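Colleague: Here's my sequence, what's the structure:
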Amino acid sequence: MIRQKFPKIKLYNEKNQGVSYARNKGIIKAQNNWLAFLDSDDQWLPNKIKLQVEKINNYQNKPLLVHTNELWIKDGNILNQKKKHEKVEGNGFNRSLNMCLISPSSVLINKYLFKKYGMFNTRLKVCEDYELWIRLTSKIPIYLVKEVCVIKYGGHKDQLSKKFWAMDRFRIRALEKLMLSNELSKIQKIEMFKVLVMKIKIIISGAENRKNNKLLRIYKYKKQYWEKKIQTLYD
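Modeller: Okay, here's the model as predicted:
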């Protein structure tokens, strides 16, 4: 259907190597400076790109990343988003540490950011978008189109978030990776340490409840290691 109705669009077919690999391949192949993603369980509304371009053109210092508000539907029902899910504009680093507040399907992003700060982490099976956004929001402001421009559908069995238990394990890996990169300010590191240790404690609690001694040893070691690191920043 795409080849027939949109012959100018280029399709690239290859074996499944994960969502990050596919997105990165698209980034490399794209010939224009502005990129937008669309996950298989999401839907753009017709005015999405138009509103984002208008947002970019309204600023003298052109934004490099614009995302939008979303409508969430699960099992056919509209979900009410909580205060903690509220989309962020401006400095989004601190609020992005706890959970992913930017949906890949909602962004219009300049290719320059991938060239300067790197692409999606192919070693993360999930939370790869979370890792990218904390990396980018530590460096740049983000902009928001307040109108709902994306519909996200949830509840189906093949969602990646349903395939992996304790998603904070992957967020911890993402936080540790950025922490060890030495690309943060002291203030940013302190904020990140707080969230990192909090998430490690959550995994420890879960491991204790499940009597998973191997996991318990790993994350207790992580907790001790990072608490010592935190102390060196406060000293």
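Colleague: Please count neighbours and contacts with C-alpha atoms only from this point.
Modeller: Will do.
Colleague: What helices and strands are in contact with the helix or strand containing Leu233?
Modeller: Element membership for Leu233 (DSSP states H and E) is helix 213-234. Packing partners of helix 213-234 (3 or more Cα pairs under 8 Å, 6 or more residues apart in numbering; DSSP states H and E): helix 186-210.
Colleague: Please repeat the previous calculation with a cut-off of 10 Å.
Modeller: helix 168-179, helix 186-210 (3 or more Cα pairs under 10 Å, 6 or more residues apart in numbering; DSSP states H and E).
Colleague: Can you tell me the strand partners of the longest strand along the chain and which way each runs?
Modeller: Longest strand in the chain, counting residues (DSSP state E): strand 143-154. Strand 143-154 has these partner strands in its sheet, going by DSSP bridges: strand 42-44 (antiparallel), strand 65-74 (parallel).
Colleague: Pop the domain breakdown of this structure in here.
Modeller: Using automatic domain parsing, the domain ranges for the chain come out as 2-162, 165-234.
Colleague: want to throw those into CSV with mean neighbour count and mean pLDDT?
Modeller: Formatted as CSV, those follow (neighbours: other Cα atoms under 10 Å; pLDDT from 0 to 100):
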stretch, mean neighbour count, mean pLDDT
domain 2-162, 16, 93
domain 165-234, 15, 91
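Colleague: Stretch 97-111: end-to-end distance?
Modeller: One end of stretch 97-111 sits 23 Å from the other (Cα to Cα, to the nearest Å).
Colleague: Ok, stretch 107-119 next?
Modeller: First-to-last distance for stretch 107-119 - Cα to Cα - comes to 14 Å.
Colleague: who's in contact with the nearest residue to Asn47 once chain neighbours are set aside?
Modeller: For Asn47, ignoring the flanking residues on the chain, the nearest one in space by Cα to Cα, 6 or more residues apart in numbering is Cys149 at 6.9 Å. By Cα atoms under 10 Å, 6 or more residues apart in numbering, Cys149 lies in contact with 43-49, 51-52, 67-71, 105-106.
Colleague: Now name the helix or strand holding the closest residue to Glu191 other than its chain neighbours.
Modeller: Excluding the flanking residues, the one nearest Glu191 by Cα to Cα, 6+ apart is Asn94, at 6.9 Å. Using DSSP H and E, Asn94 falls within helix 93-96.
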